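Participant: Have a look at this fold, sequence not included:
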């Protein structure tokens, strides 16, 4: 980790450690990153990673102390948000984190992958090696990140591990790129293609990564990936919940969601800075009360949020709140992908004015839903 931090991450890596009687018993770290928010601006955040306390020293407040130290340092660096990819769902809510994006796993039988429009889109497809894929991914991701709410800045070595060598029994990774009619790169995918001697033993093609910046590339690449010889079905393991592919198929039911899970967990560290860093498509005025935040007590109080297409302001107020919520609920709402009505039904949001919940939904929700293509 020291070598990785020094050689790759430079000043983006901020470690923490917990000691007991001079012995290292726990560790964590924050990575300075940025996330695309509604309005397609880029907001800095601290990404929590590599977290653990040894089994003999659990439940002593060591993880909380490390989290507090990292929150304080992130605020000092001007990062109004923290985020993480949760290994377990029951750990991080106590520190103010809550799911803000979702991901799906889906399957599609090759025999049912019939597209409404069978005409091949313009452009060209090419199977490339890992070296070409390592160049293609940063280019495509940087374009997509500016268009996709929830997408993250990659680490400097994000795609350094792509290889043409076989890994385990899954066979080598394969790489597909698409170029538009002018020759510009507009799509890339990583997939594993199973080998089978006969159709009756055909296997499953697994898509590990897929990003495009045009619908022509999107349709062309899925048309190829869902129609490889000697395969029975395609599986995509980490995809947006609102995948357009379903609506390109003659039978929308053919794309079966087999798993849905939370993806990025978000934590608001600086409430007014975070809320004014994103954009809002419609005008509204809301007073929001945060009744408790032990780790970031400066977030507690009643806030007047005035938003519109021209910008937003968020200031303390003595007015009666329209809504009261916990900091976790606000974190889930922040990127626009979670339902305020659902959080209210669960008791995480309490409305004190008629129509306030509808206003909250109208102000925060975005379409398409936020999505991040990788964790950390």
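Facilitator: Yes, it's here. Keep in mind that this is a model prediction, so the values were computed, not measured.
Participant: Identify each buried residue in stretch 316-336, please.
Facilitator: Buried positions in stretch 316-336, judged by neighbour count with 16 or more other Cβ atoms under 10 Å: 321-336. (C-beta placed from N, C-alpha, C; glycine too.)
Participant: what's the farthest-apart pair in these?
Facilitator: 321 and 335 (22.5 Å; Cβ to Cβ).
Participant: If we only consider the buried residues of stretch 316-336, which is nearest to residue 160?
Facilitator: Within the buried residues of stretch 316-336, the smallest distance to residue 160 is 28.0 Å, found for residue 335 (Cβ to Cβ).
Participant: Could you double-check that residue 53 lies in contact with residue 26?
Facilitator: Yes: in this structure, residue 53 is within contact of residue 26 by Cβ atoms under 8 Å, at 3.7 Å.
Participant: who touches both of the two?
Facilitator: A shared contact of residue 53 and residue 26, defined by Cβ atoms under 8 Å, 6 or more residues apart in numbering, is any residue touching both; here these are 18, 62, 63.
Participant: Closest one of these to residue 159?
Facilitator: Minimum separation from residue 159 among these (Cβ to Cβ) is found for residue 63, which lies at 31.0 Å.
Participant: Under a three-state scheme, what state does the closest one occupy?
Facilitator: With DSSP: H, G, I helix; E, B strand; the rest coil as the basis, residue 63 sits in helix.
Participant: Pull out the buried residues from whichever strand in the chain runs longest.
Facilitator: Within the chain, and with DSSP state E defining each element, the longest strand by residue count is strand 23-37. Using 16+ other Cβ under 10 Å as the burial criterion, the residues of strand 23-37 that qualify are 25-37.
Participant: go on, stretch 127-146?
Facilitator: Buried residues in stretch 127-146, defined by neighbour count with 16+ other Cβ under 10 Å: 130, 132, 133, 134, 136, 137, 140, 141, 143, 144, 145.
Participant: which helices and strands sit right next to the one helix or strand residue 186 maps to?
Facilitator: Assigned by DSSP states H and E, residue 186 falls within strand 185-192. Using 3 or more Cβ pairs under 8 Å, 6 or more residues apart in numbering; DSSP states H and E as the contact test, the elements touching strand 185-192 are helix 130-145, strand 173-179, strand 203-212, helix 215-225.
Participant: And those: which comes nearest residue 347?
Facilitator: helix 130-145 (35.1 Å).
Participant: Could you list every helix and strand in contact with the closest one?
Facilitator: The contact analysis (3+ Cβ pairs under 8 Å, 6+ apart) places helix 130-145 against strand 173-179, strand 185-192, strand 203-212.
Participant: for those, which one sits closest to residue 79?
Facilitator: Closest approach to residue 79 among the helices and strands packed on helix 130-145 (Cβ to Cβ): strand 203-212, 25.6 Å.
Participant: So residue 124 versus residue 188, what's the distance?
Facilitator: 13 Å (Cβ to Cβ, to the nearest Å).
Participant: joint contacts of those two?
Facilitator: Residues within reach of residue 124 and of residue 188 at once, by Cβ under 8 Å, 6+ apart, are residue 178.
Participant: Neighbour count: these two, which is higher?
Facilitator: A count of neighbours by other Cβ atoms under 10 Å puts residue 188 above the other of residue 124 and residue 188, at 28 against 11.
Participant: How about the contacts made by the closest residue to that one other than its chain neighbours?
Facilitator: Nearest-residue entry for residue 188: residue 136, 4.4 Å, with adjacent residues in sequence omitted and distances by Cβ to Cβ, 6 or more residues apart in numbering. With contacts defined as Cβ under 8 Å, 6+ apart, the neighbours of residue 136 are 128, 175, 177, 185, 188.
Participant: Surely residue 51 forms part of a strand?
Facilitator: Yes: secondary structure assignment places residue 51 in a strand (three-state DSSP).
Participant: show me what contacts the closest residue in space to it that isn't next to it in sequence?
Facilitator: Nearest residue to residue 51 in three dimensions, chain neighbours excluded: residue 28, at 4.1 Å (Cβ to Cβ, 6+ apart). Applying Cβ under 8 Å, 6+ apart to residue 28 gives the contacts 15, 16, 17, 48, 49, 50, 51, 52, 63, 66, 67, 70.
Participant: mind checking how far residue 28 is from residue 268?
Facilitator: Here the criterion is Cβ to Cβ. By it, residue 28 lies 19 Å from residue 268.
Participant: Please apply the same query to residue 358.
Facilitator: Using Cβ to Cβ, residue 358 is found at 22 Å from residue 268.
Participant: Looking at these two, which is more packed in?
Facilitator: For residue 358 against residue 268, the residue with the higher neighbour count under other Cβ under 10 Å is residue 268, and the figures read 26 against 12.
Participant: Pairing partners for the more buried one in the sheet, please.
Facilitator: On the basis of DSSP bridges, residue 268 is bridged to residue 81.
Participant: Mind checking the pLDDT average for stretch 151-171?
Facilitator: Per-residue pLDDT values across stretch 151-171 average out to 88.
Participant: Run through who's touching it.
Facilitator: 4, 8-9, 31, 33-36, 42, 47, 129-130, 133-134, 137-138, 141, 144-145, 172-173, 175, 190, 192-195, 206, 264, 371-374, 376.
Participant: Many thanks, have a good one.
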